[in-house]
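Enquirer: I would like to see how this sequence folds:
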Amino acid sequence: MAWWQQDRVSAGACYEEALAIERELGDPARIAEALYNHAFVVAGEDLESAARLLEESLDLFRRVGDERGAAQVLTMLVMPDAQNGNWRTVVGRLEEVVAIWRRLGERLHLAFDLLWLAFAYGRVARLRNAWGAGLEALELFREVDNHTGIGITFTTLAFLATWEDRHEDAIRLAAASEAIKARVGGPPGAIGGLLEGDPVAEARAHLSEEAARKAWEEGLTMSVEEAVALAREQPRG
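Expert: Residues are numbered from 1 along each chain as shown. So this is what the prediction gives:
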């Protein structure tokens with residue numbers, strides 16, 4: 001309850017107490033879960049301490065053969081590496097996460113973590129792999145008509161487009177994402193955007209004001225199918 005009320009101090013105390021109890025009881029699976037939960041709160045103040053909790057949680061999840069738990073922890077563990085620019089480490093961990101979700105048949109988890117992986121691939125100049133991961137995520141979201149996921153994907157693909165010097169297409173894809181946000185609410189902004197800013201700002205630095213404005217207006221009026229077709233037209237590195 002304290003967590004949902006945004007009372008981090010009380011939530012942290014509760015999770016810390018729960019972790020202490022689980023350590024006394026000695027069940028490794030429950031300790032792993034308690035470590036994972038506690039790390040959520042700690043991460044808001046101290047990423048390094050949260051990472052230590054997560055590493056211990058990961059070790060325990062692996063020891064008991066809980067692949068789902070391991071994948072959830074790995075997804076969190078990439079955050080400090082991403083913020084520090086350690087993108088090769090991020091790629092390695094996310095490739096493991098994606099492989100787990102494939103084995104477990106967890107298609108929604110797979111879709112979201114493919115977006116993370118697409119962004120990370122882009123940061124290490126593996127753009128062919130980045131587009132493959134991003135377009136696979138797009139198809140997974142389209143299969144279940146998840147418009148929020150589709151919007152987030154367009155933003156991620158906008159980063160890839162501008163990194164390939166397709167700056168007008170990057171702005172069109174970002175605008176298509178914004179149009180989805182206006183229709184369905186919610187945030188669609190790529191996870192990468194939380195760390196590295198705005199693909200539109202990157203793209204505009206390479207365009208005239210008029211070209212950027214025109215591309216944005218074109219993207220806003222695109223249907224989802226038109227934006228999907230545009231994404232599929234991108235060169236693959």
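Enquirer: quick one, what contacts Y36?
Expert: 53-54, 57, 69, 72-73, 76 (Cβ atoms under 8 Å, 6 or more residues apart in numbering). C-beta: built from backbone N, CA, C; applies to glycine.
Enquirer: do the same with L53
Expert: 35-36, 38-39, 42.
Enquirer: can you flag which of those belong to strands?
Expert: In strands, judged by DSSP state E, none of the contacts of L53 are found.
Enquirer: ok, and for the helix or strand where L60 lies, which residues are buried?
Expert: Using DSSP states H and E, L60 falls within helix 47-63. Of the residues in helix 47-63, 47, 50-51, 53-54, 56-58, 60-61 count as buried by neighbour count, 16 or more other Cβ atoms under 10 Å.
Enquirer: per-residue confidence for the residue lying closest to V42 once chain neighbours are set aside?
Expert: With Cβ to Cβ, 6 or more residues apart in numbering as the criterion, V42 has its nearest non-adjacent residue at 4.3 Å, and that residue is A50. Listed pLDDT for A50 reads 88.
Enquirer: go on, E17?
Expert: Value for E17, per-residue pLDDT: 90.
Enquirer: what are the phi and psi angles of it?
Expert: phi -70, psi -40 (degrees, to the nearest 10).
Enquirer: that one - how many residues pack around it?
Expert: 12 (other Cβ atoms under 10 Å).
Enquirer: contacts for stretch 131-151?
Expert: By Cβ under 8 Å, 6+ apart, stretch 131-151 touches 98, 107-108, 110-112, 114-115, 117-118, 121, 153, 156-157, 160, 176-177, 180-181, 183-184, 186-188, 224, 228, 231-232, 234, 236-237.
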